[in-house]
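Participant: Build the 3D model from these lines:
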Amino acid sequence: MTIRDAIEVDLPAIVEIYNASIPGRTATADTEPVSIESRRDWFRDHDPTKRPLWVAVDVEAVAGWISFQSFYGRPAYHATAEISVYVAPALQRKGIGRELLARAVERARRLGITTLLAFIFGHNEASLRLFESFGFQRWGVLPALAELDGIERDLIILGRRITE
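Facilitator: This is a model prediction of the structure:
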């Protein structure tokens, strides 16, 4: 498997993986599929030198991705980034998410990032365990913040300081 910067031809696969996560109601607050066109600006906002979007490629196909996004859009948060990880359903539990997250932690400092954040639903135990295995700590809980299929769900804020 190779991890590299995403290029625009990867966008359909990125969107397909994202959309595949929606029915499970554990990884995103979107409840309907998104379109490739609706994600173009989001894709183009990623800067490989500061806020990259990386894909994990397995046998020529995108198997998963990780994105960095600026937190809250204010200058004082310039060294803080939110990360999101998604893996194709058929390839989950094969270490792809772990490799993407390991790379994010390892490269964060070079990207000018000193704090990584993740926002994960409280019922997404697999993702919580994954992030906690990389030293992320629970920094906050937003109780009953999301409603998915009539069920109120907590959003857990996980954080990790990046040190030398």
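
Participant: Excluding chain neighbours, what is closest to the most centrally placed residue in the chain?
Facilitator: Centroid check for the chain by C-alpha atoms, centre = their mean gives S84 as the closest residue, at 0.8 Å. In this structure, S84 finds its nearest non-sequential neighbour in S67, 5.1 Å apart by C-beta to C-beta, 6 or more residues apart in numbering. In this view, the C-beta of every residue, glycine as well, is placed from N, C-alpha and C.

Participant: tell me the SS of the one you found?
Facilitator: Recorded secondary structure, S67: strand (DSSP: H, G, I helix; E, B strand; the rest coil).

Participant: how far does stretch 34-48 sit from the chain's center?
Facilitator: Its chain's average C-alpha position is 14 Å from that of stretch 34-48, according to C-alpha atoms, centre = their mean, to the nearest Å.

Participant: That should have said stretch 68-85, apologies.
Facilitator: The chain centre lies 12 Å from the centre of stretch 68-85; the measure is C-alpha atoms, centre = their mean.

Participant: how long is that stretch end to end?
Facilitator: End-to-end distance of stretch 68-85: 9 Å, with C-alpha to C-alpha, to the nearest Å as the criterion.

Participant: Name the surrounding residues that touch it.
Facilitator: Residues from elsewhere that reach stretch 68-85, judged by C-beta atoms under 8 Å, 6 or more residues apart in numbering: 45-46, 50-53, 64-67, 97, 100-101, 104, 108, 111-119, 127, 130.

Participant: Could you tell me which of the residues you listed belong to helices?
Facilitator: Of those, the ones assigned to helices by DSSP state H are 97, 100-101, 104, 127, 130.
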